[in-house]
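*Asks:* build the 3D model from these lines:
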Amino acid sequence: MRVSENHRRARKQLARASTLTALTMSAALALSGVAVADDITNDLDLTVDTAAEVLPLNVGGANGTTSLYVKPQGGDGKNGCNLTGGTALTLAVSSSDTAVATVSPASVTFTSCGTVQQLTVTPVAEGSATVSATQMTNTSQGSFNMSPATFTVTVAPPANSAPSLSVSGIEGGASYAKGAVPDATCEVADTEDGPSSFPATLSAVTGPYAVDGIGTQTASCTYTDGGGLAASASETYSIVDQSAPVITYTLDPATPDGDNDWYRSDVSLTWHVSEPESPGSVALTGCVDQLVTTDQSLTGYTCSATSAGGSAAEQTVSLKRDATAPVVDNDVTVSGTAGHNGWYTSDVAVTFTATDVLSGPASASTTATSSGEGAAIEVASPAFTDAAGNTTPTGAVTKSYKVDKAAPTTPTLVGGPDGSYYYGDDPSAPTCESTDATSGLVDCVVTGGGTSVGTHSYTATATDVAGNSSTSTLTYTVLAWTLTGFRQPVDMGSVWNTVKGGSTVPLKFEVFAGPTELTDTAVVASFRTAKVSCTSGTGTEDPIEILSTGGTSLRYDTTGGQFIQNWKTPTGAGTCYTATMTTQDGSSISARFKLK
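*Replies:* Numbering: from 1, shown residues only. Here you go, the predicted model:
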């Protein structure tokens, strides 16, 4: 049993008034000198007293609920609630007779006067039991009055409920064959009286064929239980005659002699209608025998019949005849890698298309692929079969194509550089040679090469008439010259060569192409100086001991066997320069100078 709405409203009112009530009672009791404990009460009514409230329940009925809460009384020398500062009160809750009713939970804990704990009471048997609360633990400094929490549970016998009635054996709206109607039974379900069953009452059959027992019938049930409550139920169903005409037919040939249900020869259709119970009442619609002797698309022939016993479902027999093979079209679609001059450089895929007026070809287009190479490669149309199984033989249409799938022989490079050579010793470019056995060779061309220092290659490409090509490569290396110097009086590396500004310094060096010394001043591409920071880099200083008084043009000294480039340094002390000589092959040497 659920707590009434009035109880819930009263509980909210009590909660709102709890503080005011506690203060008022505390003040009154303080004047009288009496200490009052906080009350533990239920919410079954609106009062807080020692009189036990009553919670009525029924055997087999719903559980009952109530809530316990703390009602402050402002006693124990303390205004307001006794449960403050993290204190707690735990109560044991029990039923005086668990054979009549049980209560859960078995214990509840309050940590403030705002805590509400719900109890659930379960009815077990007829009788009366008392639910009460006793203190288990109390960590507060105050005391609590448990008597207002006590209530009485009265469990009454079950209430009478109306019976439930249904019709079994037959299904409402169903149809049953005459003579095969199932027995209809009334099924009773009653909480107090228990289940029972008895035969249903059948109505007379109604409908246009009721005289033959064909039509509609109702099975009805009524029942009143021991408490005087009544129930009724009924189901209506149909009784049908299954002796309607039966339609069959015969085909000759019995099954199609082609594919996919096509006939490729003449076929006959003969109808048969059977009605053994009322043959004189049979009425036919359609049911005309047929003989198909010419090609035709799918055509339906129907037969339907009715009698006093009902109507036979319309029967349809669909026949199609195709005795003509597909026709291959002379126009084709060609795919492949097209080369030059009408040649193909791959196998040729030729797509042939066939048409068929009636059943259509099983595949409307089929692709055949060439085989071999030559100037007249034939591709024949494949066999085409229509959906009925008629076949057009292979080769009904034939096409010729030029096919050269092979590239010319790998070209041979003749002449040209062999491995490596030094810059400036450029050999002649190579030529190439190749052959082609099918369409013939068009040309053999050599491209590439290079004369700068580094790795280079020549590529020979041979191309045939069909456009196929093959290549080969000749790789070689152009070697750099070897430079020696600068020689004394100039130091190389990280050394700062010191010299008075305005002096002429001789820069001496040699150039070799392998073991061969080069003496032509044309091998030198440039001589440049650049002003740099005197603090960049590290290194020692070394004075220039020998200066020159000659001109500043580049010359080769045959006596000393070396090049000499006189450099007239700028005037002004405290500046630094780099002097760099670069040869035609891109090689270079540098030295650093600091002017004093």
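*Asks:* give the contact list for the nearest residue to Lys568 once chain neighbours are set aside.
*Replies:* Once flanking residues are discounted, Lys568 sits nearest to Thr504: 4.7 Å by Cβ to Cβ, 6 or more residues apart in numbering. Bear in mind the C-beta positions are built from the backbone N, C-alpha and C, glycine included. By Cβ atoms under 8 Å, 6 or more residues apart in numbering, Thr504 lies in contact with 547-550, 552, 566-569.
*Asks:* wait, Ala349 sits on Thr367?
*Replies:* Yes. With contacts counted by Cβ atoms under 8 Å, Ala349 reaches Thr367, the gap being 5.1 Å.
*Asks:* what about Thr285, distance to Tyr422?
*Replies:* 109 Å (Cβ to Cβ, to the nearest Å).
*Asks:* on that earlier part again, tabulate the contacts of Thr504 (TSV), appending neighbour count.
*Replies:* What follows is these, written out as TSV (neighbours: other Cβ atoms under 10 Å):
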residue	neighbour count
Leu547	14
Ser548	18
Thr549	8
Gly550	10
Thr552	11
Asn566	18
Trp567	21
Lys568	13
Thr569	22
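*Asks:* which pair in these has the greatest spatial separation?
*Replies:* Gly550 and Thr569 (14.6 Å; Cβ to Cβ).
*Asks:* so who does Ala466 touch?
*Replies:* 339-341, 343-345, 402, 404, 438-439.
*Asks:* Pro253 is in contact with Trp262, isn't it?
*Replies:* No. The pair Pro253 / Trp262 is not scored as a contact, 11.9 Å apart, by Cβ under 8 Å.
*Asks:* one step back: who has more neighbours, Thr285 and Tyr422?
*Replies:* Tyr422 (20 against 10; other Cβ atoms under 10 Å).
*Asks:* surely the more buried one is in contact with Leu479?
*Replies:* Yes. Contact criterion Cβ under 8 Å: Tyr422 and Leu479 qualify, at 4.7 Å.
*Asks:* can you list the domains in this structure?
*Replies:* 5-156, 164-240, 246-321, 327-403, 412-479, 482-595 (automatic domain parsing).
*Asks:* distance from the chain centre to the fourth one, please.
*Replies:* Average the C-alpha atoms of domain 327-403, do the same for its chain, and the two points are 42 Å apart (Cα atoms, centre = their mean, to the nearest Å).
*Asks:* what does the average pLDDT come to for that domain?
*Replies:* Regarding domain 327-403, the rounded mean pLDDT is 94.
*Asks:* endpoint to endpoint, it covers what distance?
*Replies:* 28 Å (Cα to Cα, to the nearest Å).
*Asks:* same question, the shortest one
*Replies:* Distance between the two ends of domain 412-479: 25 Å, counting by Cα to Cα.
*Asks:* mean confidence (pLDDT) on that domain, please.
*Replies:* On average, domain 412-479 scores 96.
*Asks:* ok so, going back, nearest to Ser143 among the contacts of Ala466?
*Replies:* Out of those, the member with the shortest distance to Ser143 (by Cβ to Cβ) is Thr345, at 110.9 Å.
*Asks:* isn't that closest one up against Thr337?
*Replies:* Yes. Counting by Cβ under 8 Å, Thr345 does reach Thr337; the two are 4.8 Å apart.
*Asks:* which one of those two is surrounded by more residues?
*Replies:* More neighbours surround Thr345 than the other of Thr345 and Thr337, with 21 against 15 (other Cβ under 10 Å).
*Asks:* which phi and psi does that one have?
*Replies:* Phi and psi for Thr345, reported as degrees, to the nearest 10, are phi -100, psi 10.
*Asks:* return the residues in contact with the closest residue in space to it that isn't next to it in sequence.
*Replies:* Spatial nearest neighbour of Thr345, chain neighbours left out: Gly339 (4.1 Å); criterion: Cβ to Cβ, 6+ apart. Neighbouring residues of Gly339 by Cβ under 8 Å, 6+ apart: 345, 404, 439, 466-468.
*Asks:* nearest the geometric middle of the protein, what residue?
*Replies:* Ser363 (35.9 Å; Cα atoms, centre = their mean).
*Asks:* for the stretch 201-350 of the chain, which residues score under the pLDDT cut-off?
*Replies:* 277-278, 280-281 (pLDDT under 70).
*Asks:* what helix or strand is the residue lying closest to Pro382 once chain neighbours are set aside on?
*Replies:* Distances taken as Cβ to Cβ, 6+ apart place Thr366 nearest to Pro382, at 4.9 Å, with adjacent residues excluded. Here Thr366 sits within strand 365-369, counting by DSSP states H and E.
*Asks:* dump the C-alpha coordinates for that strand into CSV.
*Replies:* C-alpha atoms of strand 365-369 as CSV (Å, rounded to 0.1, in the frame of the first residue of the first chain):
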residue,chain,number,x,y,z
SER,A,365,28.7,-8.8,-77.1
THR,A,366,31.7,-11.0,-76.8
THR,A,367,35.4,-10.1,-77.1
ALA,A,368,37.9,-12.2,-79.1
THR,A,369,41.7,-11.5,-78.8
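*Asks:* that strand: partners in the sheet, and parallel or antiparallel?
*Replies:* Take DSSP bridges as the rule and strand 365-369 pairs in its sheet with strand 349-355 (antiparallel).
*Asks:* mind listing what's buried in the strand it pairs with?
*Replies:* By neighbour count on 16 or more other Cβ atoms under 10 Å, the buried set for strand 349-355 is 350, 352-354.
*Asks:* out of those residues, which comes closest to Arg487?
*Replies:* Among the buried residues of strand 349-355, and counting by Cβ to Cβ, the member closest to Arg487 is Val350, at 79.8 Å.
*Asks:* helix or strand for the closest residue to that closest one other than its chain neighbours, which one?
*Replies:* For Val350, ignoring the flanking residues on the chain, the nearest one in space by Cβ to Cβ, 6+ apart is Val379 at 4.5 Å. Counting by DSSP H and E, the element that carries Val379 is strand 374-380.
*Asks:* which strands or helices does that strand pack on?
*Replies:* With contacts taken as 3 or more Cβ pairs under 8 Å, 6 or more residues apart in numbering; DSSP states H and E, strand 374-380 sits against strand 365-369, strand 398-403.
*Asks:* can you mark which positions in the last one are buried?
*Replies:* Burial within strand 398-403, assessed by neighbour count using 16+ other Cβ under 10 Å, is assigned to 399, 401-403.
*Asks:* repeat that for stretch 588-595.
*Replies:* Per 16+ other Cβ under 10 Å, stretch 588-595 contains these buried residues: 589, 591-595.
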